[in-house]
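[1] Attaching a predicted model along with its sequence, questions to come.
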Amino acid sequence: MKTTPEKLNFSVKGAQLATRLYKPQDAKKPPVIVMAHGFGAEMAFGLEAFALRFVKEGIAVFMFDYRNFGESHGEPRNLVHPLRHLEDWAGALAFVRTLDNIDSSRIGLWGTSFSGGHVIVTAARDRKVKAVSSQIPFVDGMDAAANLGPAFVLKATAAGLKDVAGSIFGRPYFVPIVGAPGEVAPINQPGNLEGYLDLVPEKRRGVWPNRCPARILLLAPLYRPIRYAHLVRCPALVTVADRDNLVSPQTAALAASKMPNATVFHVDADHFEPYKEPVFSKVANRQAEFFRETLKP
């Protein structure tokens, strides 16, 4: 029987965020994993498969859309902003701790790609978090920017400044979230466009707006979750895709090495293969084992 999630809402700075709470059957107060998607993505883009795998372990899952994304409120749409995302993570944890049908003393975090960095920062700030799974994480914006080349950086800076100026007058400037190689888009390495669009549900293809305000091109190089890694004291599992051409596998492993209680799990995959078979089962089973060991009594 398929687990039917409960739809809930919580607010951050006056904006309502949409969530899904998956609970194992017959579980009175299970531990819970809080999860949200990566760069520009919504919880409907493949997260349910991970949630259902974790529910099989007797663990609840609470997933949410950031402000301005998916079913959550906020304008402009698809505003990728790491500081706002971190506020949403903190708000999600605060809300989960008010729920009387889960064990709020046993909370784990699961993030992927951009949110793989968010969970590192969140766990460093919130010492009550019991476990962290960071999948193919974005951990160092400076490192990522250095690999893009000066020509792209100049174009990206111009687009970002155009958005900042336009936003003053309520006219944000958008760029594609994911584009072809060379396109002024935050995600633009070979194979990224096809891999990302495969995550979009069939009913949303052709409807989902593949665009975000360009200010993120200015913000992303300044976002460096790796600086928080040494503060993550709880058990951590860092899943590294060894053929990843979007975030550096070496830098992800370096971030893990700075965590006192981290394990690195290597998979022979690119950035988007962990969301689909056969790699999905390999990473989801390993992450489920990790959460079973760290969250269940």
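    The structure has been received and is ready for your questions.

[2] Now stretch 242-250: buried residues?
    Across stretch 242-250, burial judged by 16 or more other C-beta atoms under 10 Å covers 244, 246-249. Any C-beta I mention is one placed from the backbone N, CA and C, and that applies to glycine too.

[3] er, stretch 45-63 I mean
    For stretch 45-63, a neighbour-count test (16+ other C-beta under 10 Å) marks 45-48, 50-51, 53-55, 57-63 as buried.

[4] before we move on, what about stretch 20-36?
    Buried residues in stretch 20-36 (16+ other C-beta under 10 Å): 20-24, 30-36.

[5] for that stretch, the distance to its chain's centre please.
    Its chain's C-alpha centre and that of stretch 20-36 lie 19 Å apart, by C-alpha atoms, centre = their mean, to the nearest Å.

[6] cool, and stretch 105-123?
    8 Å.

[7] Report the mean confidence score over it.
    The predicted model gives stretch 105-123 an average pLDDT of 98.

[8] again, but for stretch 27-46
    On average, stretch 27-46 scores 96.

[9] Between its first and last residues, what's the separation in it?
    Stretch 27-46 has an end-to-end distance of 25 Å (C-alpha to C-alpha, to the nearest Å).

[10] ditto for stretch 253-272
    End-to-end distance for stretch 253-272, by C-alpha to C-alpha: 18 Å.

[11] Would you confirm that Asp143 contacts Thr251?
    Yes. Using C-beta atoms under 8 Å, Asp143 is in contact with Thr251, at 5.2 Å.

[12] quick one, which of these two is more surrounded?
    Remark: of Asp143 and Thr251, Thr251 carries more neighbours, 20 against 17, as counted by other C-beta atoms under 10 Å.

[13] and after whichever strand or helix holds Ile120, which helix or strand comes next?
    Ile120 is part of helix 114-125, with elements assigned from DSSP states H and E. Counting by DSSP H and E, the next helix or strand C-terminal to helix 114-125 is strand 131-135.

[14] who does that following strand touch, helix- and strand-wise?
    Here strand 131-135 touches strand 107-112, helix 114-125, strand 236-241, helix 249-258, helix 279-295, going by 3 or more C-beta pairs under 8 Å, 6 or more residues apart in numbering; DSSP states H and E.
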